[in-house]
Structures are given as structure tokens and as C-alpha cells.
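Peer 1: Predicted model, plus sequence, below.
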Amino acid sequence: MAESSVQQAHVHAPPEGFIRKYIFSLDHKVIGKQYYGLALVAVFTGMILSWLMRIHMVWPAAKIPGLELLSKVGAPGGVMTPEYYLSLLTMHGTLMVFFVLTNAPFAAFGNYFLPIQIGAEDMAFPRFNMMSFWVTFVAWVVLMLAFVIPDGPPIAGWTEYTPLSAVGKDAGPGMQWGASLWGVSIAIFCIASLLGALNFIATTLDLRAKGMTLMRMPICTWAWFITSCIALLAFAVLLPACILLILDRHAGTSFFIPSGLVISDRLQPHSGGSPLLWQHLFWFFGHPEVYIAILPSMGIVSHILINSMRKPLLSAKVIIYSMMSIGFLSYMVWGHHMFLSGMNPMSALAFSFPTLTITIPATIMTLIWLGSLYGADIKITSASLFALGFISMFVAGGVSGFFLAQPSIDIYLHATYFVVGHFHMVMGVASLFGVFAGTYFWFPKMTGRFMNETLGKLHFWITFLGAYCIFMPFHYLGLIGNVRRYQSFVDDYMAPYLSWHQFITIAALITGAAQFIFLFNLIYSRFRGAPAPENPWNATSLEWSIPSPPPWNNFGGRHPVVYHDPYQYGVKGSKGDFVMQDSPEALASGD
Amino acid sequence: MGKVFAIALVIIAILSAYPILTHKFPLPEDISTHGHQIDDQLNDTMIEAGLSFVGAQLVLAAFLFLFTGRKPGSPLKNFPGGAKVMVTAAFILVGTEILALGVLGQKAWANVYFTSPKADALQIQAQAEQFAYYFRYAGPDGKFGAIHPDKIDEGNQNYFGLDPANEVEARDDIVSGELVIPVNREIQLLLHAKDVGHSFYVRELRIQQDFVPGLDLSVHFTATKIGKYEIVCTQLCGLGHYNMKAYLNVMSEPDFEKWLKDQSAQ
């Protein structure tokens, strides 16, 4: 593996003043926390939207207190209209996919820990880094503006399929300015993500400490690095797609709109475009995005599992190579979202095979995690509970992918709750379990205080059981053909199954409420948590070799030298059953 | 707590498998000639995916039960064979599944999409629009009148934008809000979207196909059972999406001919 380079001395001067320290900070740790904060706001917003949708779905006439304040038109008297349901659905999906699942496991934790784990003082381009957060923040503000404009948020779903999303106000409420805000917001988000990805890649390649060869990087650093490479290609395609969408909407172009469409009794002044072009561009981004959400959590979970098991994985290399394969294959599978879109049926076969093949690296990773647990001494903490829960959720959500990868079965299951159950479990819940695990694990490093373990475990149990109660029945409902994106179930065949939807809604309310325990724990522990030492988990990687919380320049001007691979557990070290990466003591294995 | 977790996983595995094993959520009755292949494929996948799910949860549970709360100083062990066994197992397990399901399963897809409709298949045009379906039969001349988007006039029930004043073919076209078809006769459905994307989904027919504006697609199928079935839209098409549906009415051949005559007479 390539020889690592020695990092430069000072990347930037120590920050002075409140604004430079906490707002427009160049410090990757502050930026990481800012990303985390934004993801936290977005995830609670998204979750409350899902509550509103679930309540409306099973009790359509329910008056929801305060909802009228959000939108007088969308919820007159506090009762949601069908179109407002679609607005909330669009905002839920957009917030969760972009501002939570991209921001939290990747941008937040990656920013905070990638430079420290490779022994760098900061990111390669601290100013770009600051910019990528603030550009993301602007993207979020633009998206949230959709809630306050008279038109309301768009109703076309997070995928914004054209021509519905491209023709403006004729397409329905929210489609005039709401959909424009969506397009602009996501375009801005793409710019921010591209800046972030470039920064991650440059930092990983150029700023590794002496002795930190690529294969000595912790698995989560690898995950963030691979994710950056995926993000660089994925967002580079979504950005022009969004620009073309905005042009169709406001400049009279017809990239995505064919001729002869009569919408709201008006013959649309467009011709020559293709709705499938949008689908191709969107899913060329959209499928890799799934891995942008899940790979960092895979890395975080591996990192935490090893620490909790007190022994290395059966093979860290195999995990890293599997993540690379997943990253590579993620670009060859986007068409499985479009089996029924009318593209050449032969291409369905071409997209089906790589989709099925991606199961191989995913299975290898699962078996490595499971096999590594054998013979370990697993320590149960809130962090390890979520990491172990991740495996359970990843398998549960993963196996349903096997159905949807097959075009013949997709004929029946496409656009049903089976799909909703699948992606919520595997990319939503599993990815968030990685974020929760990371939070409980790294909180002592980030704040110098422990999170409350009792509350953490309570949070885990309700979330883990709750997630199964919500998303397993989704799969079952998909089997009977329950169609997604409906605000109420007017179809005759759904009548016997409405009680299942009520059960899911109640489970969602309880599981959602448990997230406030987490929020309370986060805030309470920040100020009142038990003080944490430098290395509370007896861990080995470089972030545990510096004070908690770390100083502004991470290593206090010291240049760490790395002697070992990152997971020397179950060995006889001078401090216990582990040897830190930067400890010069010799190991029996000689690494 | 590791042991409690292990027990919870076992309970989750059992509870998750129970509704499947007891057929609590059955697929609706298949009324098509091709559907049984899709159902077989789904059932085979369910067995393989179900075993993978339950197996993985049980192994996770077993290891959590055995390897948490161990006595201090218990020796650490490694799984016999290490990573090689895992990689080999993944290739064999998933490789077999891909071969079994991926390769063999393409037949079901091919039967829907790689076969041409028979020459005597009944052609019906389906138009999807916000938020309704309209179906058009060619009438006695066997020819559809051309669609003129500028002539679409919902108020006058000219949903397709036909021009019977100037075009002979359009004069005998029959337009219906219900998809009426004869049993056991192949239907070729020509899909046309008037405004935005929609989809044609009949659960019992095991057919789902998008309507894509600007792209006229077709699907073909044969219904084998007389009855009324719901057609629902599965592509988010706007504010009334949830309420966009029509009925598929499968009739005996004589009933169908009579219905067609009655419609022509109107």
C-alpha cells in the first residue's frame, strides 16, 4: 500500500471570537457538530411529518391541534387535506434522505472524526469545508421556505417525477413555487455535497499521519472515503438534472416534457422532452444515494463492534473490499427502480443482475460481523446495542431487496408498502442505528461527558422493537398489494387491513416519542453528564489518544506517528487488552 | 442484557415469520394466465429470503446469548476457518440464490414482456389522466381514430381528443370508464397518458405498468376468471392520486359482445 505522507504543520490559526469559533468556524469538529445539529432539526421535523401523515391515514377526520398554523389551506380547522398529505410526504422524504441520511452518518461524523482518525489537524480545505456546511444550511432554508409560501410544499414526492414536477402550477397545489424551491434547494445541496466529497477525498489521500497507510485507516474512515467517491459522482449527476428541471419550469425548455400533454385542461407549450430522462438521471443519483446513507453506518458499526467485542473482525480487509464492491456496483443498478417505466424490457435483466450481485458483498459483510461475534467478550452498552441492532435491521431490510431485484416479482410489488418497508428498514432505520451507535460511542470524545446509559438503553429498546412493529407489517401489507403514497385507503380490498395501519400508527407514535428521550439525553448529558476521560472505551484509534473534547488543532501541535493497524484488541498491551495505533510498543504479530 | 437481547431476537424472528407461515397476508387470487409464474417466483424467494432472515437473526441471538456477560478472563476465540469460510459461504449461498432466482426467474418476466400478443388479441386503448382512466375500443371498423390533444374536451366527454367530424375511424370508437374484457381472450392494452405519469395496476391480473407521457406502451394479458376487479394508479400523479381508480370487468364472451353492441348503439 502507498506510503503515507506527513501532514503539514498548521492548517489555520486558532479561532478567536464567538463567530469564528461557533458560527463560521473552519474547525472540522465544529462543522461536524453543525452538520449533526442540522440533521437533528431535520430528523425531528421529518419524524413529526411522518406522525401527521400516519395519523391522517388512519383517522382522516382527526383534528390535529396546531396543524392549521402550519397551513390554513392544507389543514383547514386542523384537518389535513389529501393534497397536503402529499406535501408532507414530499417534505418527509426530502428532509430524511438529503438532510438526515446524507448529513448525519456521512457529513457530521465524517467531518468530526475522519481528520482525527488519520492524524490530521483539519480537513485539506477548511474554508471549503465551512462553505459546504453553510451551503447545505442555505439548501435547508430554501426547502423549508416551501412551508411558509402560500403555494405550500410540492406534492410530487421526493423523487419529483416529471412531467408532474416540471409543468408548474397546472400540476396542482405546491407545484408552482413549492416545486421550484425543491429544485433550487436540492441543486444547492448537490453543490455542498460535491464540495464536501472533494474535501473528504483530498484529506484522506493527502493528510494521513506518518505510518498511517491506507490499510491502517479505521474501517469508518474507509467508509467515509468510499462514500465520498460515490457522492462525487452521484451529486454531479443530480445537480445538472435539477438545473434542467428548473429550466423546464421557468425558462420554457422541454428536457423532461413531451408534446401533446393536456394538464388542467391546458395544452402544455412543450415538446420533445422525455420523462424517462429525469428518471434515469434521478436514479443514477438515487441508488448510489442509498449507499451514501448506509456505508458510513456500516463503517461506524464495524468500528464500534470491534471495540465492544474486544477483538478484531475476522477480516477488516474483507469488509473494506466489500464496501468498495458495493460502491462500484451501486452505479450499475439504478434501472431496478424503473423496471415498469416502459424502458426496454431487456434492460430490466441487465439491471437485475448487478442488483442481485450486490447481495454478495452485503452478505459477506453480514457474515463477517456475525462470525466475528463468535468467541468474543461482547460488552453491552447503548452504543453496542445499536451496533448489534444495526445487523438485525440490515438483514431484515436487506432480504426484502431480493424480491424487488427481480423484475418479475416487481411487477406485483412495485409501488406497494413492501417497497416502503424495504427502504425504510435498510436505508432509514439501519443507517440511523449507525448514527445512534456513533452518538453514544463518540459523545464522550466530542463533549468530555458520557451520555446517560439507562436512558440510552431505554431509547434502544423502544426504537428497536418499535421499528420492527412499524416496518415489518409494511412488508406484509405490500404482499396483499397495498399501494403506497395514498392518503387514505379507498380501495375495497384494503378494508380488512385497516387495523394493521392503526397498529403501525400507534407504534410510530410510541417509537417517535422515544426519540425525545434521546434528545433529552443529548442535551442533558452535554451539561450534566458524568465527566469522560480521554479513552473511556479502552479503544485503539487515534481519536482516543487526544483529550476529550479535543483541542482546536486536535493533537495540540503534536504529529502522531502510527505503528499499528487500528484494531489491536485482545492482545497484551501495557494499558490492558489493547494497544493504541500510536503506541510504539511492539506486538507479537509484528504489525 | 445481552441475553435479553438474544431472546428478543428469537421472538422477533418467530413473530415476523408467523404471518407468512400462516398466510395472514395472502396474495389476491390470480386471474391471469401468466400470474402463477410470478407467484411461484415470489414464493421461492420468500422461502430463501425467509430462511436467510430467520437464520441470521437466530445466529445473532445465539452469539449474543453465548458471548455476552462472560466471566472475566474467558479466552477469546475465533470462528473456525475465519473470514475465508464466510466469504466462501456468501458466494455459495448468494451465488446459488442468484442462479436459482435470477436466471430461472427471468422466465416469468419474459412471458409478460418478451412475447408478442397473438394476432387475434383484442386491442384496447387505455388513457390515464388526473384522476381517471378511460378505455377505448376500436369499434366495428377495427381502427382507432387519431388522438388530437387540442381537441380534448372533458365537458363534452371527448376524453381522447377525437375528431369524428373529419375522421371516419373515430366515428365508431367506443369509450368507457370501465375496462370491460372477455374472459380467456388475450387483451393487448395500449397505454396512453394524457397529462402526467400514471400506472395501471390490477393485483389479481399480476400486471403493473406505468403510463409514461410521450411514450405509448403496451401490455398484454389474458384474464381467466369472470368478475370485477379494481384498477388502481400506483404512480404519484397529483392531489387526487389516492382516488384514481377504475374497474376491470371480466365477462363471458357473449356478455362482452352484447356489451359492445349496447355501447355502439349509444
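Peer 2: Nice, I can see it.

Peer 1: residue contacts, residue A:419?
Peer 2: Residues counted as contacts of residue A:419 (C-beta atoms under 8 Å, 6 or more residues apart in numbering or on different chains) are A:404, A:413, A:478, A:484. Glycine gets a C-beta too; all of them are placed from N, C-alpha and C.

Peer 1: most neighbours, which of those?
Peer 2: Among the contacts of residue A:419, residue A:478 has the most neighbours (other C-beta atoms under 10 Å in any protein chain shown), with 26 neighbours.

Peer 1: pLDDT value on the residue lying closest to that one once chain neighbours are set aside, please?
Peer 2: Once flanking residues are discounted, residue A:478 sits nearest to residue A:418: 2.4 Å by C-beta to C-beta, 6 or more residues apart in numbering or on different chains. For residue A:418, the model assigns a pLDDT of 97.

Peer 1: what about residue A:418, distance to residue A:212?
Peer 2: Counting by C-beta to C-beta, to the nearest Å, the gap from residue A:418 to residue A:212 is 44 Å.

Peer 1: More neighbours: which of the two?
Peer 2: residue A:212 (28 against 25).

Peer 1: Let's verify the more buried one: helix, strand, or coil?
Peer 2: Three-state call for residue A:212 (DSSP: H, G, I helix; E, B strand; the rest coil): coil.

Peer 1: need the strands for the stretch 1-150 of chain B, in chain order.
Peer 2: Assigned by DSSP state E, counting those that start in this stretch, the stretch 1-150 of chain B shows strands spanning B:122-129, B:132-137.

Peer 1: Tabulate these in JSON lines, adding columns for distance to chain A, mean neighbour count and mean pLDDT.
Peer 2: Formatted as JSON lines, those follow (distance: least, C-beta to the nearest C-beta, whole Å; neighbours: other C-beta atoms under 10 Å in any protein chain shown; pLDDT from 0 to 100):
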{"stretch": "strand B:122-129", "distance to chain A": "8", "mean neighbour count": "21", "mean pLDDT": "96"}
{"stretch": "strand B:132-137", "distance to chain A": "13", "mean neighbour count": "21", "mean pLDDT": "96"}
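
Peer 1: pull the helix or strand with minimum mean pLDDT from chain B.
Peer 2: When each helix and strand of chain B is scored by mean pLDDT, DSSP states H and E, helix B:106-113 comes last, with a mean of 86.

Peer 1: Centre of the chain to that one, how far?
Peer 2: The chain centre lies 13 Å from the centre of helix B:106-113; the measure is C-alpha atoms, centre = their mean, to the nearest Å.

Peer 1: can you list the residues that contact it?
Peer 2: For helix B:106-113, contacts defined as C-beta under 8 Å, 6+ apart pick out A:345, A:348-349, A:352, A:406-409, A:411, B:34, B:37-38, B:40-41, B:207, B:219, B:221.

Peer 1: and with 6 Å instead?
Peer 2: With C-beta atoms under 6 Å, 6 or more residues apart in numbering or on different chains as the test, helix B:106-113 has contacts from A:345, A:349, A:407, A:408, B:34, B:37, B:38, B:41.

Peer 1: With stretch B:66-73 instead?
Peer 2: Residues outside stretch B:66-73 that contact it (C-beta under 6 Å, 6+ apart) are A:373, A:376, A:377, A:378, A:380, B:2.

Peer 1: Then stretch A:243-251?
Peer 2: For stretch A:243-251, using C-beta under 6 Å, 6+ apart, the contacting residues are A:166, A:168, A:180, A:183, A:253, A:255, A:256, A:257.

Peer 1: ChimeraX command for the buried members of those residues?
Peer 2: Typed into ChimeraX, the line below selects the buried ones among these, using 16 or more other C-beta atoms under 10 Å in any protein chain shown:
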select /A:166,168,180,183,253,255,256,257
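
Peer 1: Next step: the contacts of stretch A:243-251 restricted to helices.
Peer 2: Per DSSP state H, helices hold the following members of the contacts of stretch A:243-251: A:180, A:183.

Peer 1: Distance to chain B and pLDDT for the contacts of stretch A:243-251 - can I get that in JSON lines?
Peer 2: What follows is the contacts of stretch A:243-251, written out as JSON lines (distance: C-beta to the nearest C-beta, whole Å; pLDDT from 0 to 100):
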{"residue": "A:166", "distance to chain B": "9", "pLDDT": "96"}
{"residue": "A:168", "distance to chain B": "12", "pLDDT": "92"}
{"residue": "A:180", "distance to chain B": "17", "pLDDT": "97"}
{"residue": "A:183", "distance to chain B": "17", "pLDDT": "98"}
{"residue": "A:253", "distance to chain B": "15", "pLDDT": "96"}
{"residue": "A:255", "distance to chain B": "12", "pLDDT": "97"}
{"residue": "A:256", "distance to chain B": "9", "pLDDT": "97"}
{"residue": "A:257", "distance to chain B": "8", "pLDDT": "97"}
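
Peer 1: Give me the nearest residue to the residue nearest the centre of chain A, chain neighbours excluded.
Peer 2: By C-alpha atoms, centre = their mean, chain A has its centre lying nearest to residue A:101, at 1.8 Å. Nearest non-adjacent residue to residue A:101, counting by C-beta to C-beta, 6+ apart: residue A:293, 3.8 Å away.

Peer 1: element containing the one you found?
Peer 2: Residue A:293 belongs to helix A:275-309 when assigned by DSSP states H and E.

Peer 1: Go through that helix and flag the buried ones.
Peer 2: Using 16+ other C-beta under 10 Å as the test for burial, helix A:275-309 gives A:275-276, A:278-309.
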